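In: the sequence and its predicted three-dimensional model are supplied below.
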Amino acid sequence: MAHFEFQRLDFFLTIGGLVALILDIILDVYTALDFYNDWDYIRLGAFVFFLIASSLLVQTYSWLWYKYDGFEMITNVEKIPSFKSLKVLHILQLGTYLRHMGVMETAICKYLRLKGVKTSGLDPGDAAVCLSHDVAMLRIVEAFSESLPQLVLMVTTHIQRGQLHAFPILKAVASAFFVSMTVMSYHRSLRSFLKDKHEQTIAASAIYLIWNLLLISARVSALALFTSELPCYICTHFLCSWFVLFIFVWCTQTNFMNSKGGEVLYRGTVALIWYFNWFNVVKGDTLRWTIIYHGYIVADITLLWGLWFWKINSDLTNFNYEHLIAYFCILFFYIIGIGVKSIYYYCFHPKVTSTDLQCEEDTVDIVPLRRDSPEERVEDVPDNGIMFRMATVHTPGRREPGDKVNMRMRKLAENFYS
């Protein structure tokens, strides 16, 4: 069995994630007011649209996952609202904050070593790991549906205005860094499915953070340059690229959600993430898919720069070589990012076998269980307090042995390490 351990670094990442969430809200309000005071209602409308659309998407995932898990709550915080109250919280776009509070509760209990604190039969550390899986995925969805579109908008505004102000630069740098941190935290969450010998070192986390920061920054820069000169065509570019990527995702036959509608939503979300950066949902020959993806993005960056260059240099008498240098800089950073990514996979990516990820055929991830439930039988309860139950599925009105439940992040881990 894999052993799930909530380490001190994970605790600080949890605290940092909460601080970043609060800081992001403050910066969003400040940015919206800045657009409003400048009478820039078009950018304000786009900014607010990203906020609302992302929030609706994230809350939908949170509600669906509670529904898939039969509304079984692990933490005391999550048990406070009733079913109707939980639904209202998600309608008011506050449901995900309940998940964050649950992770904070279990993380603090684990870190402060509070004796006698149990969460639905689980040790606080084990519960923190279990809860952090879904939270990490929700942060990924939020980062790529809100933070990165906002970042493109901010950089575009900075280019068009041609002015250097501390706040826009701070917002842009912070957004890129926080998105990269989110991706890195998600990766650490996947590592919890591996055995202890595969624990991720600080060096591996730093390398993972750097190559994502380089790739995301290069992609955002290309999109911002294009949008600064051809703002009316960025929606067309996004829809066409998203559709192509969605077809590729559909061809991979993902199996992440527990419903057909949820799976379509997930594939559309993956296509959105792919618009900015690679997100592994493919099981098997990952290298081939990665090469195809990065080749597509390099070609797309070249297309975006070419259209921007053609628009800004329509009069060849005013040809500016700095615009040519801009393309090579963007391409250079993207290639460097791929190089750093290759270093990570060569030096730090664990070489695992199927047995390193798979528990026994009929066991699943850590889930809350009730000892008095006649519908669940326990395979074993080790001395360390981590409990696994036989695989069951949450279907309306009944549960049947043999089907799998709570396997979302495990499936992603199998894809990532296959």
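Out: Looks like it came in fine.

In: burial measure for residue 295, as a count.
Out: Around residue 295 there are 10 other residues, counting by other CB atoms under 10 Å. In this view, the C-beta of every residue, glycine as well, is placed from N, C-alpha and C.

In: got a pLDDT number for it?
Out: Per-residue pLDDT puts residue 295 at 94.

In: which residues touch it?
Out: With contacts defined as CB atoms under 8 Å, 6 or more residues apart in numbering, residue 295 is in contact with no residue.

In: how near is it to residue 349?
Out: 21 Å (CB to CB, to the nearest Å).

In: which stretches of this structure form strands?
Out: For the chain, the strands defined by DSSP state E occupy 378-380, 388-389.

In: and those, which one averages the lowest pLDDT?
Out: Per-stretch averages of pLDDT across the strands of the chain put strand 388-389 at the bottom, with a mean of 30.

In: what's the closest non-adjacent residue to residue 224?
Out: For residue 224, ignoring the flanking residues on the chain, the nearest one in space by CB to CB, 6 or more residues apart in numbering is residue 155 at 3.8 Å.

In: tell me the pLDDT at that neighbour?
Out: According to the prediction, residue 155 has pLDDT 88.

In: one more: residue 340?
Out: In this model, residue 340 is scored at 92, pLDDT.

In: likewise residue 300?
Out: The per-residue confidence score, pLDDT, reads 95 for residue 300.

In: from residue 81, how far off is the nearest residue to it once chain neighbours are set aside?
Out: With CB to CB, 6+ apart as the criterion, residue 300 has its nearest non-adjacent residue at 6.7 Å, and that residue is residue 241. Applying CB to CB, the value for residue 241 to residue 81 is 40 Å.

In: what's near enough to touch the closest residue to residue 96 other than its chain neighbours?
Out: Of all residues beyond its chain neighbours, the one nearest residue 96 is residue 62 (4.9 Å), with distances taken as CB to CB, 6+ apart. Listed by CB under 8 Å, 6+ apart, the contact partners of residue 62 are 90, 95-96, 99, 134, 138.

In: please tell me how far residue 62 sits from residue 105.
Out: Taking CB to CB as the measure, residue 62 and residue 105 are separated by 17 Å.

In: isn't residue 74 right next to residue 133, touching?
Out: No - taking contacts as CB atoms under 8 Å, residue 74 lies outside contact range of residue 133: 11.6 Å.

In: ok so, going back, for the residue nearest to residue 300, the count of nearby residues, please.
Out: Burial of residue 241, expressed as a neighbour count using other CB under 10 Å, amounts to 18.

In: quick check: it touching residue 293?
Out: No - using CB under 8 Å, residue 241 and residue 293 do not qualify as a contacting pair, with a distance of 11.9 Å.

In: all the helices of the stretch 201-350 of the chain, residue numbers only.
Out: Assigned helices in the stretch 201-350 of the chain, in chain order: 202-229, 234-251, 260-274, 286-312, 321-347 (criterion: DSSP state H, counting those that start in this stretch).

In: next: the stretch 51-200 of the chain.
Out: Assignment of helices within the stretch 51-200 of the chain using DSSP H, counting those that start in this stretch yields the ranges 76-79, 83-91, 95-111, 124-142, 148-161, 166-191.

In: distance from the chain centre to the third one, please.
Out: In terms of CA atoms, centre = their mean, to the nearest Å, the gap separating the centre of helix 95-111 from the centre of its chain is 18 Å.

In: can you redo the helices of the stretch 51-200 of the chain as TSV with distance to residue 334 and mean neighbour count?
Out: Written out in TSV, the entries for these read as follows (distance: least, CB to CB, whole Å; neighbours: other CB atoms under 10 Å):
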stretch	distance to residue 334	mean neighbour count
helix 76-79	41	17
helix 83-91	38	14
helix 95-111	32	21
helix 124-142	21	24
helix 148-161	15	21
helix 166-191	14	19
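
In: nearest to residue 232, out of the ones you listed?
Out: Each of the helices of the stretch 51-200 of the chain was scored for nearness to residue 232 using CB to CB, and the closest is helix 148-161 (12.6 Å).

In: got the helices of the stretch 51-200 of the chain as CSV, with distance to residue 260 columns?
Out: Supplementary listing: these in CSV, determined by distance: least, CB to CB, whole Å:
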stretch, distance to residue 260
helix 76-79, 27
helix 83-91, 21
helix 95-111, 22
helix 124-142, 19
helix 148-161, 27
helix 166-191, 25
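
In: for residue 37, which of the ones you listed is the nearest?
Out: Checking those against residue 37 by CB to CB gives helix 166-191 as the closest, at 12.5 Å.

In: direction-wise, compare the closest one with helix 148-161 and give the angle.
Out: 160 degrees (axes from the mean of the first three to the mean of the last three CA atoms, to 10 degrees).

In: what angle sits between helix 166-191 and helix 202-229?
Out: Per the same axes, to 10 degrees, the angle that helix 166-191 makes with helix 202-229 is 130 degrees.

In: what's the mean pLDDT across helix 166-191?
Out: Helix 166-191 shows an average pLDDT of 77 in the prediction.

In: tell me the contacts of residue 36?
Out: Residue 36 is in contact with residue 44, counting by CB under 8 Å, 6+ apart.

In: so what's it scoring on pLDDT?
Out: We have a pLDDT of 85 for residue 36.

In: over to residue 205?
Out: 81.

In: surely it is in contact with residue 185?
Out: No - counting by CB under 8 Å, residue 205 stays clear of residue 185, with 9.0 Å between them.
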